[in-house]
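>>> make a model of this:
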Amino acid sequence: MAPVAGIAATAFLIFALLGCGGGDDNSEPSLTKAAFVKQGNALCKKERKERDKVAEAAVEKYLAEETPEAKKEAVIAVVRHYEQTTAHLAELGAPEGEEKEVAQMIEAMEEGASRAKADPERAYEEFYPFKDANKAVEEYGLTECTA
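Down below sits the predicted model:
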């Protein structure tokens, strides 16, 4: 019986050292910055096409009604889609060593959306809320991710 117990203990130790058997490190390796930028731009380009459709429909509705409420609805519809894009971009996971930069970029995008929702009238006329976010994504190389 002793040899079986010794083999079991050795097997357990080997699995523990190799990280097998339910460890918490089941995450995929992080993307390189180049891969993040490539995937991010592809995602944003696809999402932008959808956002453009949403924007076109919302603006058509506003132009047909020309009410402040329709203008607000147009901005909110587009901003919701922008927020969805921002969330998908965040889900890519920051490249190793780039966590701070990516977090600041995502935060700027979220802040832009919040400012647009807080003042839809001004956002519709000037598109001001996304200035910082657009600068951040462009500087990072995500040229398809501007608002």
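>>> can you tell me the closest non-neighbouring residue to residue 73?
What sits nearest to residue 73 in space, not counting adjacent residues and going by Cβ to Cβ, 6 or more residues apart in numbering, is residue 58, at 6.5 Å. C-betas here are computed from N, CA, C, even on glycine.
>>> sticking with the spatially most central residue of the chain, tell me its helix or strand.
The central residue of the chain, meaning the one whose C-alpha is nearest the mean C-alpha position (Cα atoms, centre = their mean), is residue 89 at 2.4 Å. In this assignment (DSSP states H and E), residue 89 forms part of helix 68-91.
>>> so what touches the next helix-or-strand element following that helix?
The element immediately downstream of helix 68-91 (helix or strand, assigned by DSSP H and E) is helix 99-118. With contact meaning Cβ atoms under 8 Å, 6 or more residues apart in numbering, helix 99-118 is reached by 36, 75-76, 79, 82-83, 86, 89-90, 94-95, 123, 128-137, 140, 142, 145, 147.
>>> now, of the residues you listed, which are buried?
By the neighbour-count criterion of 16 or more other Cβ atoms under 10 Å, the contacts of helix 99-118 include these buried positions: 36, 75, 79, 82-83, 86, 89-90, 94-95, 123, 129-130, 132-134, 136-137, 140, 142, 145, 147.
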